[in-house]
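[1] coordinates only, sequence not included:
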C-alpha cells in the first residue's frame, strides 16, 4: 500500500534490530543443532533396531540406568540454558541501557483503539499513524527515543526491521529507541490483541535523509492553509461533531479523542493503514467509517451529500 517492504526481523535496518537478529540466529543455530542430534538418533534407532525377517519377536535384553547418559542429558541442557541466558541478558542490557544523547529525537506514541497518536514534544508536532524520523549517519549518529503510552487497553509497539516488541500498558510508561541506518519506508503493527480492529492498527515509519526530515518538520509546524474555495466546508467542519474529537490548528477545533487533522493530506493512508488517503476514500470514511473499518469508534456524520462534499473539499486542503 505504501511502497514499504514486507516487514521482517531478518532484514534489520536499525541498530537494536541488528542486535535482536544476532540473538535470534544464535537461538536458531542451537535449536537446529538439538533438532539434528535428536532427529538423527531417532532415525538411527529406527533403522538399526527395526524388526527384520527371522526375528522371533521376543523383546531384546533391557538396560536400566546409565550414569553417562543421565549426566549428558542433564549437563548439556544446563549449559545451553546458561549460554542463552547470559547472551540474552547481555543484549537486553546493551539495548535497554542506551541513554539518549543531546541531539536525540524525542517522540511520544500513544496507542488508541485502533490508531496511533504521535507527538514530537520538542518540535510542537502532533500527527497520527505515520512516524517520520531522520536517518542515522555513522559519522553523525542520531537515535529516536520513543515514549510509549496507552489511552485504553494493552497494545504492543512492533517495528520488525527497526526494533523488537514493546508493550503499551494503561497507566504505565515504557521507553524504546530506534536508529535507522538507511532511508526508506517500513511497516509496523500492534502486536497485542486489542479488540476487533487489532489487525487494522498499522504503523508506517518513514526514514528521511536529514535535509528531507527538516523539510517535513517545517511543513508540519505550519498551520493548515485555509483555501478560500473550501470556506463552506470549513464552516461545516466547525459546526458538527468533528471539532469534539479532532484538532485543526488555527480553527476552534481542539478535540483530543481522534487524530490531529491539521496536516491530514500529508499522510499516505487513513484509518491507520486500512485505505489510501484519497478524496474518494476520505469521503467514504467520513460518511461511514465502518464501511472501511468495521468497529471503528468514529461515528458516521450523517451529512447530506452537499454538506459531505463541502466537508471533504475542506479536508483535502489540509496538507
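    Okay, I see it. None of the values given here were measured: they were computed from a predicted structure. Numbers count the residues shown, from 1 in each chain.

[2] where does the stretch 101-250 of the chain dip in pLDDT?
    225-229 (pLDDT under 70).

[3] just the helices in this protein please.
    Per DSSP state H, the chain carries helices over the ranges 15-48, 67-96, 210-221, 231-239, 242-245, 279-287, 305-315.

[4] For the protein, which residue occupies the most central location?
    Geometric centre of the chain, nearest residue: residue 188, 2.9 Å, by Cα atoms, centre = their mean.

[5] sorry, back to before: nearest to residue 127, out of the helices of the chain?
    helix 210-221 (6.7 Å; Cβ to Cβ). The C-beta positions use only the backbone N, C-alpha and C, and glycine is treated the same way.

[6] For the closest residue to residue 307 other than its chain neighbours, give its distance to residue 260.
    Using Cβ to Cβ, 6 or more residues apart in numbering and skipping residues adjacent in sequence, the residue nearest residue 307 is residue 236, 5.2 Å away. Shown here: residue 236 relative to residue 260, a distance of 19 Å by Cβ to Cβ, to the nearest Å.

[7] sorry, back to before: may I see the helices of the chain organised as a markdown table, with distance to residue 157 and mean neighbour count added?
    What follows is the helices of the chain, written out as a markdown table (distance: least, Cβ to Cβ, whole Å; neighbours: other Cβ atoms under 10 Å):
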| stretch | distance to residue 157 | mean neighbour count |
| --- | --- | --- |
| helix 15-48 | 13 | 13 |
| helix 67-96 | 14 | 11 |
| helix 210-221 | 21 | 14 |
| helix 231-239 | 31 | 18 |
| helix 242-245 | 23 | 16 |
| helix 279-287 | 24 | 17 |
| helix 305-315 | 28 | 18 |
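
[8] Nearest to residue 112 among those would be which one?
    When the helices of the chain are compared by Cβ to Cβ, helix 242-245 sits nearest residue 112, at 11.1 Å.

[9] tell me the domain ranges of the protein?
    1-49+98-221, 228-315 (automatic domain parsing).

[10] didn't residue 203 look like it was pressed against residue 116?
    Yes: the criterion here is Cβ atoms under 8 Å, and residue 203 meets it with residue 116 at 5.4 Å.

[11] so how far is residue 261 from residue 288?
    Taking Cβ to Cβ, one finds residue 288 at 18 Å from residue 261.

[12] now residue 237
    9 Å.

[13] same thing with residue 65?
    74 Å.

[14] Then residue 241?
    For residue 241, the distance to residue 261 - Cβ to Cβ - is 13 Å.

[15] Looking at the two, which has the bigger crowd around it?
    Neighbour count, other Cβ atoms under 10 Å: between residue 241 and residue 261, residue 261 has more, with 23 against 12.

[16] give the contact list for that one.
    Neighbouring residues of residue 261 by Cβ atoms under 8 Å, 6 or more residues apart in numbering: 246, 247, 248, 253, 315, 318.

[17] Roughly how far does residue 142 sit from residue 124?
    The spacing between residue 142 and residue 124, counted by Cβ to Cβ, is 19 Å.

[18] same thing with residue 57?
    Applying Cβ to Cβ to residue 57 and residue 124 gives a distance of 84 Å.

[19] So for those two, which residue has more residues nearby?
    A count of neighbours by other Cβ under 10 Å puts residue 124 above the other of residue 57 and residue 124, at 11 against 5.

[20] what's the residue nearest to that one when sequence neighbours are not counted in contact with, if anything?
    Nearest residue to residue 124, sequence neighbours excluded (Cβ to Cβ, 6+ apart): residue 221, at 6.1 Å. Residue 221 makes contact with 123, 124, 125 under the criterion Cβ under 8 Å, 6+ apart.

[21] just residue 236 next, same as before
    Contact partners of residue 236, counting by Cβ under 8 Å, 6+ apart, are 303, 307, 310, 311, 314.

[22] Isn't the fourth one up against residue 287?
    No: at 9.7 Å, residue 311 and residue 287 do not qualify as touching, with contact defined as Cβ under 8 Å.

[23] shared neighbours, the two?
    301, 303.

[24] now residue 184, which residues is it bridged with?
    residue 207 (DSSP bridges).

[25] any idea how far residue 72 is from the nearest residue to residue 247 once chain neighbours are set aside?
    Once flanking residues are discounted, residue 247 sits nearest to residue 260: 4.7 Å by Cβ to Cβ, 6+ apart. In this view, residue 260 and residue 72 are 62 Å apart by Cβ to Cβ.

[26] thinking again about what came up before, between residue 237 and residue 261, what contacts are shared?
    Overlap of the contact sets of residue 237 and residue 261 (by Cβ under 8 Å, 6+ apart) consists of 248, 253, 315.

[27] Would you format the residues you listed as TSV with distance to residue 49 included?
    Converted to TSV, those look like this (distance: Cβ to Cβ, whole Å):
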residue	distance to residue 49
248	77
253	78
315	75
